[in-house]
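In: Okay, predicted coordinates and the sequence, questions at the end:
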Amino acid sequence: MSPALAPLETEMRVFRIASLALACGLAAYALPPAQAGWDDPGSRHERFCSDEKFGDRFADMQKQRAERLAERLRLTDAQKAAFKDVQAVRAKSMADNRAAMCAANPANLTFEKRLEFRQARLQARLDALKAETPKLLAFYNSLDERQKGQFDEISRHRGHHGPHGGMGEGMMGPGMMGGMMRGGMDHHESRGGCVNED
């Protein structure tokens, strides 16, 4: 290619890339909101808060996770009871968090109030983790060395499924039980809060 044509070739590449980006953007606008990845925060909040089966589904998820964990770690009856205590604390914090979320309706708040709400939710998550910690440690300390090794491996791998890594979404992190919070409150809260963090 001659040096005189190089700027023209660069300009053509930029034009093609810009055209492709524009076409992709227009295609996204043509999709219904749910398919385009956009959804009205108010409608998400309404669906979340009007879901009468939320508690039942959460209880079913906890039961399934407990059964899988019991099978994988070969838990004794005493260890199963200790894990059930962990789940009871988690269920209460989820119910409290959901009630606060539904009472506030963050999608209808001003930006300043959404920031305040977000801080309050983060504090509530920290408080919930502090309340769960004694039960989590009691369960963990009831495990023998083989079980602890397996549990540590499970919690490490679960933590890498989300954007936080490590303890962020794993069994022992704030999204305990395999990031259950990720698809529930956290996901809902981030979209209804002040900034979409997904």
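Out: Structure's in. What do you need?
In: pLDDT value on the nearest residue to Lys148 once chain neighbours are set aside, please?
Out: Here the nearest residue to Lys148 in space, its sequence neighbours aside, is Tyr140; by Cβ to Cβ, 6 or more residues apart in numbering that works out to 6.9 Å. Quick note: C-beta positions are derived from backbone N, CA and C, even for glycine. The per-residue pLDDT reported for Tyr140 equals 95.
In: list the buried ones in the longest helix anywhere in the chain?
Out: With secondary structure taken from DSSP state H, the chain has its longest helix at helix 111-142. Buried residues in helix 111-142, counted by 16 or more other Cβ atoms under 10 Å: 114, 117-118, 121, 124-125, 128-129, 132, 135-136, 139-140, 142.
In: Just name the closest of those to Phe151, please.
Out: Relative to Phe151, the closest of the buried residues of helix 111-142 is Tyr140; by Cβ to Cβ it sits at 6.8 Å.
In: you'd agree the closest one is up against Phe151?
Out: Yes: counting by Cβ atoms under 8 Å, Phe151 is a contact partner of Tyr140 at 6.8 Å.
In: shared neighbours, these two?
Out: In the contact map built from Cβ atoms under 8 Å, 6 or more residues apart in numbering, no residue is linked to both Tyr140 and Phe151.
In: Check the burial of Asn97 by counting its neighbours.
Out: The number of residues packed near Asn97 is 20, by other Cβ atoms under 10 Å.
In: Let me know whether Pro85 touches Lys135 as I believe.
Out: If you look again at residue 85, you'll see it is Asp, not Pro. Yes: at 4.9 Å, Asp85 counts as touching Lys135 under the criterion of Cβ under 8 Å.
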